[in-house]
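Q: got a structure for you, letters missing:
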Ligand SMILES: *Cc1c(COP(=O)(O)O)cnc(C)c1O
């Protein structure tokens, strides 16, 4: 069976976890957490990056930093993971969904402004498949209406939009290091605080609402409870696991891009014959090969293809059920405007095996089986 995903393992993780244990400091913010944070700050060019226990928690921190309160409205696509919305719903926000662009599956930047009311506090662009949203336009709208931009860059680690790392363009950026992502620590994530005036409060929120980070730096002589907060620090064991991958981040990225390109070339004829659609990468975006998906004719064809691939030892999966169609999404959100593409495009999308270590022969096998499916069908 060719798995859809296998968590990244480079070989050095055991050594680093052992090292973390030998340091006798296994709670948060030890040497491996600091290494990861510094690496992200240097690499992605942001004033502050901090590991968190998940991307969901990074989004929750961003919601607190943006002072999201009961009745505030937050704009996002409906084609996303539940966490994008959950993080704001726990603060009492109403979610306003906007349709996606059929080419990138990202929020349609041209529909955002119509969804803004005096209650709107934030826009949450989701960089689907690690491909950047149209950030110039989104930042321009946010500036005009004086609202926050919180990037859900869970899938966008190492991707760029016009030369800037995804996650560093809005006020806050949120990464995921869940085992299904390009770089992993099992469960984990990071918040990028792109405006220096929010750094101090972000540290406090992450440390249960205390000024403990200042205490450790010797800036205050005891630490105390000063704000809202929670426990958003991952343990050193998790950070140590992640460090082994960040160290070779380019190698992992190049490998994934190799897999992605092999799929893309393999499917060129099916695309030219208009049998399937392939992902679109805008000229100004640099992607990280987080995902390889194809788009088939419709839901029926997709269900048959998933079955066919499964019978041939290949695990393929569809993705989000649009949030505005889910039971809870209906309670806490509204879809602004018409759902022209969100449901229709999500019904057609099929994700293929993609992970660091997936072999060329395996990619070729998947491609050949999908071609076989269409030849036998016709
Ligand atoms: C994976 C993912 C998340 C959640 O990440 P966790 O680290 O599991 O909390 C949020 N948003 C998107 C778009 C994701 O893909």
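A: Perfect, thanks for sending it. Predicted model only: the values in this text are computed from it and were never measured. Numbering: from 1, shown residues only.
Q: can you list the residues of the chain near the ligand?
A: Within reach of the ligand by CB under 6 Å from any ligand atom, the chain has these residues: 54-56, 80-81, 83-84, 126, 152, 154-155, 176, 178, 189. The way it works is simple: take the backbone N, C-alpha and C, and place the C-beta from them, glycine included.
Q: Now do the helices in this protein.
A: 13-22, 31-44, 55-65, 82-89, 135-145, 199-206, 212-216, 236-246, 249-266, 268-272, 299-311, 327-332, 342-348, 360-377 (DSSP state H).
Q: Now do the buried residues in the fifth one.
A: I take that to be helix 135-145. 135, 138-139, 141-142 (16 or more other CB atoms under 10 Å).
Q: Residue 151: what's it in contact with?
A: 124-125, 127, 133, 166-167, 169-170, 172-174 (CB atoms under 8 Å, 6 or more residues apart in numbering).
Q: switch the cut-off to 7 Å
A: 125, 127, 166-167, 169-170, 173-174 (CB atoms under 7 Å, 6 or more residues apart in numbering).
Q: mind checking how far residue 82 is from residue 282?
A: Using CB to CB, to the nearest Å, we find residue 82 at a distance of 27 Å from residue 282.
Q: same thing with residue 192?
A: Distance from residue 192 to residue 282, by CB to CB: 22 Å.
Q: Same check on residue 247?
A: Counting by CB to CB - residue 247 and residue 282 are separated by 30 Å.
Q: how about the strands in the stretch 51-200 of the chain?
A: Taking DSSP state E, counting those that start in this stretch as the criterion, the stretch 51-200 of the chain contains strands spanning 73-77, 94-98, 120-123, 148-152, 160-161, 164-165, 172-176, 189-193.
Q: where does this protein have low pLDDT?
A: For the chain, residues meeting the criterion pLDDT under 70 lie at 377-378.
Q: domain assignment for it?
A: Domain assignment for the chain, taken from automatic domain parsing, gives 13-246, 249-377.
Q: Just tell me which of those domains ends up closest to residue 6.
A: Closest to residue 6 of these is domain 249-377 (CB to CB; 4.6 Å).
Q: ok so, going back, most tightly surrounded among the strands of the stretch 51-200 of the chain?
A: Sort the strands of the stretch 51-200 of the chain by mean neighbour count, taking mean count of other CB atoms under 10 Å, and strand 172-176 sits at the top with a mean of 30.
Q: residues in contact with that strand?
A: For strand 172-176, contacts defined as CB under 7 Å, 6+ apart pick out 54-55, 58-59, 62, 65, 150-154, 157, 167, 189-194.
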